[in-house]
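Novice: sequence plus predicted model, see below.
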Amino acid sequence: MTSRNLLPRKRLAIVAHDNRKAELMDWAHDNIAMLARHELYGTGTTGKMLEEALNLPVIRLLSGPLGGDQQIGAMIAEERVDMLIFFWDPMAAQPHDPDIKALLRLSVVWNIPMACNRATADFLLSSPFMAGDYEARQTDYSTYIKRKV
């Protein structure tokens, strides 16, 4: 098992589907002091809304359906994102459902904290690990890879 160190200033990817954007904005407003301590990334409209609502810098990526979810997934795999806050809509099919599933899968594979609803996001932000270093242990998946010789 390997590990990587998450620094006190975390890199947070924040995403929300259309039907959950208002809830995410309300949550973000309630947590502005904590969010201001970290580096924020957002997809498309969500990133723009966060930046305007909070008056905080947000590194904006593409819209989810245009590849933003995949950009975040790549950043997770490259260890450039430490946490995912993704208020996804469980009641509506999305045209980019495969991308969403891949993003959630990568969050588990790379063992990053992930919140898909307000309660979990509240628990993550209130964790004592948010303010300090955290050693994230990484599962060794090498046994899953079959090498051809």
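Specialist: Now that the structure is in, tell me what you want to look at.

Novice: who touches the longest helix along the chain?
Specialist: Once the chain is assigned using DSSP state H, the helix that runs over the most residues is helix 97-109. Identification of contacts with helix 97-109 by CB atoms under 8 Å, 6 or more residues apart in numbering yields 15, 64-65, 67, 69-70, 72-73, 76-77, 84, 86, 88, 94, 114, 116, 139, 141. In this view, the C-beta of every residue, glycine as well, is placed from N, C-alpha and C.

Novice: ok, now stretch 32-41?
Specialist: If you take CB under 8 Å, 6+ apart as the criterion, stretch 32-41 is touched by 9-14, 28, 47, 50, 54, 56-61, 72, 75, 81, 125, 130.

Novice: cutoff 6 Å now
Specialist: Arg9, Lys10, Arg11, Leu12, Ala13, Leu54, Leu56, Val58, Ile59, Leu125 (CB atoms under 6 Å, 6 or more residues apart in numbering).

Novice: if you skip the residues just before and after it, what's nearest to the first one?
Specialist: This points to Arg9. His38 (5.8 Å; CB to CB, 6 or more residues apart in numbering).
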